[in-house]
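Asker: Kindly return the folded structure for what I paste below:
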Amino acid sequence: MRNVYVAGVGSTTFGKHIATPIESLAVQAAATALIEAGIERKEIGALYLGNFISGPLNGKEVLAGIVGSRLGLGNIPCTKVEGACASGGIAFRHAWMAIASGMCDAAIVVGVEKMTHSSTAEVTSALNCAMDNENDGPSGLTFPGLFGLAWRIHAQQYGTTREDVAAVVIKNKANGLLNPLAQMGAELTLEKIMGSAMIADPLQMFDCCPASDGAAAIVLCSERLLTNGQPKIKILASAQTSGSPRIANHPDLCSFEATVTAAHKAYELSGLQPKDIDLVELHDCFSIAEIIDSEDLGLVPRGLGGKWAAEGRTNKGGDVVINASGGLLAKGHPVGATGIGQIYEVVQQLRGNHPNQVANARIGMTHNLGGTGVACTVNILGRE
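Answerer: Residues are numbered from 1 along each chain as shown. Now for the predicted structure:
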């Protein structure tokens with residue numbers, strides 16, 4: 001397996017892009033990444049595009065080929081990748097494997113979604129395609145309901161409080177104010193959070209990430225093509241796992257086996273340990289999800305995710321910095337773009353260019369989780 005590096009990155013803002021077609025968002029981010037990479041387009045050997053619900057919400061399914069054509073990439077393989085909320089992370093891993101295996105010397109990965117033009121009912125119905133509706137559909141659960149249950153169980157097992165969970169929201173919303181790409185940064189208090197609408201008890205409005213439009217792109221390459229003068233950001237590990245698609249098959253909703261296994265594989269591939277990670281962009285689709293994810297990734301002791309957030313140990317200056325970008329809670333969640341957007345944020349941190357810069361950042365991790373924990377990717381990147 002060859003070493004693989006980040007050559008260029010690009011991203012749109014996450015938020016509302018009502019007048020912009022979904023393929024135009026993807027092309028905008030991809031063109032920026034290609035220009036920054038400084039690699040001739042004839043060198044790009046493959047395109048992978050992460051997307052989840054462009055069919056039901058946009059009536060467009062062949063996005064990878066459309067985007068590749070608009071970018072002038074010729075007759076290279078252009079593949080759309082779907083893995084629910086992990087679509088972008090999976091697309092990234094495919095691009096990494098194509099270069100690491102020697103199939104090509106450069107590849108581009110794009111993530112994109114457009115959601116805000118649709119009604120809440122339409123978006124909810126589309127997102128519920130990430131469930132095993134044959135078996136779990138009759139329960140009537142949506143994803144807020146699932147994570148509301150997870151919160152209740154976490155509170156019963158570990159004593160996690162409303163104040164603990166609110167600390168995640170306050171941190172991430174504040175970080176979002178420092179990120180020009182973020183959709184919903186805010187200065188929040190416990191009182192404001194507790195006064196917001198109840199969504200799926202105990203989840204309230206501010207505990208839920210917003211639906212978003214947006215795109216992000218990464219150009220990856222072998223060392224031979226790395227010539228743009230940027231700091232060398234190397235992919236140290238890229239792991240993908242699967243978990244049960246059925247809620248009833250999860251023995252404990254306070255943990256997702258796919259995340260635990262992917263983290264273990266990523267640490268093994270990279271030769272690193274949790275204590276080596278300086279920052280992580282993880283899948284905080286709901287506030288309680290950040291707490292569970294941080295524990296599953298081994299970054300926080302089991303049961304203490306909420307307490308660490310409340311004590312400031314997951315903020316800048318703490319033990320490990322979680323979601324300095326604002327995470328999904330503040331930056332937004334354009335589903336297919338989220339995993340690539342996380343990598344974009346980590347690359348900027350490792351380059352020392354982030355607007356909410358983590359001091360001395362050398363090793364960064366991303367975590368992208370799909371459905372009821374059915375698909376997961378964990379990536380570790382490092383600055384040489």
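Asker: Could I get the contacting residues of residue 77?
Answerer: By Cβ atoms under 8 Å, 6 or more residues apart in numbering, residue 77 lies in contact with 45-47. Quick note: C-beta positions are derived from backbone N, CA and C, even for glycine.
Asker: how about 10 Å then?
Answerer: Residue 77 makes contacts with 45-48, 64-65, 68, 94, 98, 103-104, 107, as judged by Cβ atoms under 10 Å, 6 or more residues apart in numbering.
Asker: Okay, it and residue 2: tell me how far apart.
Answerer: The gap separating residue 77 from residue 2 is 19 Å, by Cβ to Cβ, to the nearest Å.
Asker: same deal with residue 53?
Answerer: Going from residue 53 to residue 2 by Cβ to Cβ gives 34 Å.
Asker: Show me which of those two is the more surrounded one.
Answerer: Neighbour count, other Cβ atoms under 10 Å: between residue 53 and residue 2, residue 53 has more, with 23 against 12.
Asker: pretty sure that one contacts residue 80?
Answerer: No. Using Cβ atoms under 10 Å as the test, residue 53 is too far from residue 80 to be in contact (11.9 Å).
Asker: okay, and the common contacts of these two?
Answerer: Joint contacts of residue 53 and residue 80 (Cβ under 10 Å, 6+ apart) are 87, 336.
Asker: So for stretch 283-290, mean pLDDT?
Answerer: Regarding stretch 283-290, the rounded mean pLDDT is 98.
Asker: before we move on, what about stretch 178-191?
Answerer: Stretch 178-191 carries an average pLDDT of 98.
Asker: again, but for stretch 33-47
Answerer: 96.
Asker: Would you mark the buried spots in that stretch?
Answerer: For stretch 33-47, a neighbour-count test (16 or more other Cβ atoms under 10 Å) marks 33-34, 36-37, 39, 43-47 as buried.
Asker: Equivalent analysis for stretch 354-363, please.
Answerer: 354, 356-358, 361, 363.
Asker: Out of the contacts of residue 77, which is nearest to residue 258?
Answerer: residue 94 (17.4 Å; Cβ to Cβ).
Asker: The closest one reaches residue 82, doesn't it?
Answerer: No. Using Cβ under 10 Å, residue 94 makes no contact with residue 82, being 11.8 Å away.
Asker: quick one: which of those two has more around it?
Answerer: Between residue 94 and residue 82, counted using other Cβ under 10 Å, the more crowded position is residue 82 (22 against 18).
Asker: So for the more buried one, what's the nearest residue that isn't a sequence neighbour?
Answerer: Distance criterion Cβ to Cβ, 6 or more residues apart in numbering; nearest residue to residue 82, sequence neighbours excluded, is residue 52 at 5.9 Å.
Asker: Give the helix, strand or coil label for the one you found.
Answerer: Three-state assignment for residue 52 (DSSP: H, G, I helix; E, B strand; the rest coil): coil.
Asker: list residues touching both of residue 94 and residue 82?
Answerer: Listed contacts common to residue 94 and residue 82 are residue 50; contacts here mean Cβ under 10 Å, 6+ apart.
Asker: Could you check how far the residue nearest the centre of the chain is from residue 93?
Answerer: Geometric centre of the chain, nearest residue: residue 339, 3.2 Å, by Cα atoms, centre = their mean. Distance, residue 339 to residue 93, by Cβ to Cβ: 9 Å.
Asker: What of residue 313?
Answerer: Residue 313 sits 30 Å away from residue 93, going by Cβ to Cβ.
Asker: where exactly do the helices run in this structure?
Answerer: Using DSSP state H, the helices found in the chain span residues 22-37, 54-58, 63-70, 87-100, 120-127, 143-158, 162-177, 190-194, 257-270, 287-296, 305-310, 327-331, 335-351.
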